[in-house]
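> Fold the stuff below for me.
(one chain, ligands or ions: 2)
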Amino acid sequence: MKFSANLGFLWHDRPLPEAIRLAAAAGFDAVECHFPYETDPAEVRAALSDTGLPMLALNTLPGDRNAGEFGLYALPGREEDGRRVIRQAVDYAALIGARKVHVMAGLASGEPAHRTFLSSLVFASDLAAKAGLTVLIEPINMQDVPGYFLNTTDQALEILAELDRPNVKLMFDCYHVHIMEGDLASRLNACLPMIGHVQIAAVPGRGEPDQGAIDYVAVMKQLQQIGYDGFIGAEYRPRATVEEGLGWMQRLRV
Ligand SMILES: O=C(O)C(=O)[C@H](O)CO
Ligand SMILES: [Mg+2]
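Ligands and ions are numbered 1, 2, ... in the order given. Predicted coordinates for the structure are as follows:
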């Protein structure tokens, strides 16, 4: 199993180039981030090239967080803002060699939001395809982000089927999926062909993936058995320092 440090959560208080170097020193095989846009891409590139780690993915900007926004893609009337943030993400991804962009749906519901999400994804898919990138959509649980548009893998699979674009895939975050749908094993089997990335954290608490309701040794074995050959994103909130909590990595390298 190959592990990617999610630098939106791990070493999030450090400048991004330093966080990349810390991830390499801690034994990660790759990194991914949330919102790198304020960092000079040349510095990110230098850290990636010094360490040899690939940057897997980044997020589109979520809009105005102070006003409660958490993504723009499913918000009727905000299509132009959605286009702006995907252009920015694709441009930045190209500069640092990232291959995937997670587009954040936002707080919305109902048919107008569904239609907006679909048409925005068509735009994102076309733009990303020109740069050889994959677009990710991620179901997020309703306890952490009440009102988020995309909550379950079932809903995501329906959207992906309706969209029918080979470069738009599912971000399967085990933490969110377990909270919303339980039964990770059958969700993984059902979603495998559409999975573009996997993320992990403990439930409850979103700490290191080494305790709680999800048996991650079993999850890793299943992923290997069903032929998932991508990276596993460590997207958790360390209970103490990142370094102190890294014991899980050895245990999960099945
Ligand atoms: O919150 C998550 O699980 C994510 O992966 C996001 O990228 C949103 O920050
Ligand atoms: Mg996630």
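
> neighbours of L136, just the number please.
Per other C-beta atoms under 10 Å, the neighbour tally for L136 reads 24. Placement of C-beta: from N, CA and C, glycine included.

> got the contact list for it?
57, 100-103, 168-171, 196-197 (C-beta atoms under 8 Å, 6 or more residues apart in numbering).

> Outside of the helix ranked longest in the chain itself, list whatever touches it.
In the chain, assigned by DSSP state H, the helix with the most residues is helix 110-130. Residues outside helix 110-130 that contact it (C-beta under 8 Å, 6+ apart): 73-76, 78-79, 82-83, 86-87, 90, 101, 103, 105, 108, 134-135, 137, 149-150, 159, 162-163, 165, 167-168.

> any idea of the mean pLDDT for the very next helix or strand once past it?
Remark: after helix 110-130, the chain's next helix or strand is strand 134-137, criterion DSSP states H and E. Regarding strand 134-137, the rounded mean pLDDT is 98.

> for stretch 236-253, same thing?
98.

> Repeat that for stretch 110-125.
98.

> who's in contact with the closest residue to ligand 1 within the stretch 101-250 of the chain?
Nearest residue of the stretch 101-250 of the chain to ligand 1, counting by C-beta to the nearest ligand atom: D173, 4.7 Å away. D173 sits next to 138-140, 198-201, 233, 235 when contact means C-beta under 8 Å, 6+ apart.

> Repeat the analysis, applying 7 Å as the threshold.
138, 199, 235 (C-beta atoms under 7 Å, 6 or more residues apart in numbering).

> Check P62 too.
With C-beta under 7 Å, 6+ apart, P62 has these contacts: 69-71, 104.

> picking that back up, show me which of the contacts of D173 neighbour ligand 2.
Among the contacts of D173, the residues within reach of ligand 2 (C-beta under 5 Å from the ion) are 199, 235.

> Separate out the buried members of the contacts of D173.
Among the contacts of D173, the ones that count as buried by 16 or more other C-beta atoms under 10 Å are 138, 199, 235.

> and the stretch 151-254 of the chain, which of its residues are near ligand 1?
Within the stretch 151-254 of the chain, the residues that sit near ligand 1 (C-beta under 6 Å from any ligand atom) are 173, 176, 199, 235.

> mind putting those in CSV, distance to H12 included?
Shown next, in CSV, are these (distance: C-beta to C-beta, whole Å):
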residue, distance to H12
D173, 17
H176, 19
Q199, 15
E235, 11
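
> Helices - which of those land there?
H176.

> Taking the residues of the stretch 151-254 of the chain next to ligand 1, tell me the two that lie furthest apart.
H176 and E235 (9.8 Å; C-beta to C-beta).

> Tell me who's in contact with the residue in the stretch 1-150 of the chain positioned nearest to ligand 2.
Proximity of the stretch 1-150 of the chain to ligand 2 (C-beta to the ion) peaks at E138, 5.5 Å away. Residues near E138 by C-beta under 7 Å, 6+ apart: 102, 150, 171, 173.

> rerun at 10 Å
Contacts for E138 were tallied using C-beta atoms under 10 Å, 6 or more residues apart in numbering; they are 59, 71, 102-105, 148, 150, 153, 156, 170-173, 176-177, 196-197, 199.
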